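S.K.: missing the sequence, but the structure's below:
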């Protein structure tokens with residue numbers, strides 16, 4: 001297709017210059033909380049610097065776009081100015097809008113484009129950016145729109161609506177200036193709209209994901225995996241777009257890898273790499289999207305960008321939603337365990353201060369009555385003695401029950417002391433290796449009942465002759481190991497004590513494992529999330 005034909009399709013002017021400015025990706029986070037920018041509209045200080053920087057980047061990126069020719073500028077495929085300007089204003093504040101205006105006006109070529117058409121394009125571009133930025137700032141105020149499918153859907157709606165404004169006003173301004181004909185208007189508007197939307201889909205999520213530095217330790221231990229993931233995206237993209245075979249979507253497994261393992265940050269980086277390879281190779285006539293028709297090449301590449309970006313971002317949002325749901329479930333189960341432990345302590349307190357004291361007083365009175373009956377040689381003295389003994393037995397049973405509900409020593413002295421005292425009374429010899437540190441109530445109670453249940457199984461069912469209890473701590477976790485030399489064969493049947501232990505440990509976010517081969521004893525290991533007493537006081 002000749003340059004003249006491309007120009008009449010709205011992709012080029014006759015002299016090879018683009019009809020509207022292009023812009024490169026900008027990632028510039030300005031101080032202040034997102035969505036709470038100060039209403040400082042004056043040109044002073046930091047505001048003036050931001051306007052100048054945005055205008056300079058806009059203009060420089062537009063000129064860079066002119067150097068990438070595809071019988072027409074690269075912006076015909078992916079229109080980066082839309083995403084760059086929207087991202088800048090969304091994150092930095094709407095007060096920097098003059099930078100977009102200045103950059104757009106400077107990038108226009110008034111020698112080949114009627115002034116009225118150029119100003120119409122600029123007006124459409126400005127309206128597009130302001131509407132999208134305003135909508136996205138509302139979304140950001142409620143959290144990152146990339147962290148849920150609902151937020152991503154609203155972000156896409158904002159992009160589609162805003163880019164449709166520029167794709168309507170811009171082509172109409174060209175039509176009014178006799179740059180295109182009425183028959184070419186629908187095709188030019190479609191190319192314009194998809195180009196703006198594709199640019200926004202690449203740049204805006206990247207800016208939203210990376211405008212703040214990642215949390216400490218975000219990719220610690222996975223740096224090599226991150227490098228391998230990006231290398232896979234680049235390598236598969238290069239293979240796909242250096243071949244005329246239909247291999248364009250070969251990169252999708254690597255994009256899925258990025259979304260699943262690195263969520264929105266990895267997904268947006270991977271999308272940028274994949275799109276970069278697609279645009280570069282297509283504009284240099286390599287790959288499956290190069291056809292005799294420029295319009296077809298542009299359209300297929302734009303659709304590829306849209307599918308790659310939306311599918312990857314959707315998968316990343318699902319990963320974040322699933323993780324959030326899992327964390328909420330763990331927190332809910334942990335609250336239930338904490339509530340149960342609180343209720344145990346309340347019952348223990350009530351039994352000790354209520355029923356046990358009253359029964360103790362009754363036992364004393366029965367004893368006094370029996371003594372008086374014996375002194376008076378009355379026949380009821382033996383019955384009173386028997387009643388007193390029954391009451392004492394009831395007191396002992398209540399005391400044992402209260403101890404099982406929540407042993408006072410666990411609250412008073414901590415896990416190590418509580419386990420040591422139980423081990424001292426055990427009929428099975430127990431060796432104990434425990435740290436002396438105190439932990440939060442939930443983790444101590446979980447570890448204690450895990451030990452008590454394991455000891456009960458070793459005594460009653462495993463017929464063990466010895467047992468070993470060992471605990472070590474790592475930051476944020478208490479690792480407990482319980483080993484006996486019994487008959488083994490322990491199973492986690494529904495309703496069994498072991499099944500209940502697994503549920504309890506996993507309810508607080510821990511892990512539980514049991515190894516009990518027949519004839520070779522039982523080994524129980526658990527990793528329980530735990531805060532030391534100091535971390536717990538400090539809010540850990």
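M.R.: Right, received. Where do you want to start? None of the values given here were measured: they were computed from a predicted structure. Residues are numbered from 1 along each chain as shown.

S.K.: Tell me the first helix or strand C-terminal of whichever strand or helix holds residue 499.
M.R.: Using DSSP states H and E, residue 499 sits in helix 497-507. The first helix or strand that comes after helix 497-507 along the chain, using DSSP H and E, is strand 511-515.

S.K.: which strands and helices sit next to that next one?
M.R.: Applying 3 or more CB pairs under 8 Å, 6 or more residues apart in numbering; DSSP states H and E, we find strand 511-515 packed against helix 497-507, strand 522-529. Placement of C-beta: from N, CA and C, glycine included.

S.K.: List of residues touching the first one?
M.R.: If I follow you right, that is helix 497-507. Contacts to helix 497-507, defined as CB atoms under 8 Å, 6 or more residues apart in numbering, come from residues 330, 333-334, 336-337, 446, 449-450, 453-454, 456-457, 490-493, 511-512, 514, 524, 526, 528.

S.K.: For that helix, list every residue counted as buried.
M.R.: Neighbour counts over helix 497-507 (16 or more other CB atoms under 10 Å) mark 497, 498, 501, 502, 504, 505, 507 as buried.

S.K.: Any figure for the gap between the fifth one and residue 304?
M.R.: Applying CB to CB, to the nearest Å, one obtains 51 Å for the distance of residue 504 from residue 304.

S.K.: And the first one, by the same measure?
M.R.: In this structure, residue 497 and residue 304 are separated by 57 Å, where distance is defined by CB to CB.

S.K.: Which of the three states applies to residue 479?
M.R.: Three-state assignment for residue 479 (DSSP: H, G, I helix; E, B strand; the rest coil): strand.

S.K.: Could you look up the SS state of residue 320?
M.R.: Three-state call for residue 320 (three-state DSSP): helix.

S.K.: Burial check on it, number of neighbours?
M.R.: Applying other CB atoms under 10 Å, we find 18 other residues in the vicinity of residue 320.

S.K.: what's near enough to touch it?
M.R.: Residues near residue 320 by CB under 8 Å, 6+ apart: 146, 147, 148, 263, 264.

S.K.: what do you get for residue 202?
M.R.: Residue 202 touches 25, 78, 80, 83, 271, 272, 275, 305, 309, counting by CB under 8 Å, 6+ apart.

S.K.: Tell me, please, where in the stretch 201-350 of the chain the pLDDT is lower than the cut-off.
M.R.: Across the stretch 201-350 of the chain, residues meeting the criterion (pLDDT under 70) sit at 217-221, 332-350.

S.K.: likewise the stretch 51-200 of the chain?
M.R.: For the stretch 51-200 of the chain, applying pLDDT under 70 flags the ranges 64-76.

S.K.: Let's see that with 50 instead.
M.R.: The model of the stretch 51-200 of the chain has pLDDT under 50 over residues 72-74.

S.K.: how about the helices of it, start to end?
M.R.: 80-92, 97-107, 115-140, 149-176, 185-210 (DSSP state H, counting those that start in this stretch).

S.K.: Point out the other helices and strands that the first one packs with.
M.R.: Looking back up the chat, that one is helix 80-92. The helices and strands touching helix 80-92, judged by 3+ CB pairs under 8 Å, 6+ apart, are helix 45-67, helix 97-107, helix 115-140, helix 149-176, helix 185-210.

S.K.: how near is the residue nearest to the spatial centre of the chain to residue 493?
M.R.: Nearest to the geometric centre of the chain sits residue 320, at 3.9 Å (CA atoms, centre = their mean). In this view, residue 320 and residue 493 are 37 Å apart by CB to CB.

S.K.: and what of residue 427?
M.R.: Per CB to CB, residue 427 is found 25 Å from residue 493.

S.K.: what does residue 201 give?
M.R.: To residue 493, residue 201 is 53 Å away according to CB to CB.

S.K.: what do you get for residue 125?
M.R.: The span separating residue 125 from residue 493 equals 69 Å under the rule CB to CB.

S.K.: count of residues packed around residue 429?
M.R.: 11.

S.K.: Just to check, it is in contact with residue 467?
M.R.: Yes: look at residue 429 against residue 467 with CB atoms under 8 Å: they come within range, at 7.2 Å.

S.K.: so who does residue 250 touch?
M.R.: Contact partners of residue 250, counting by CB under 8 Å, 6+ apart, are 236, 239, 240.
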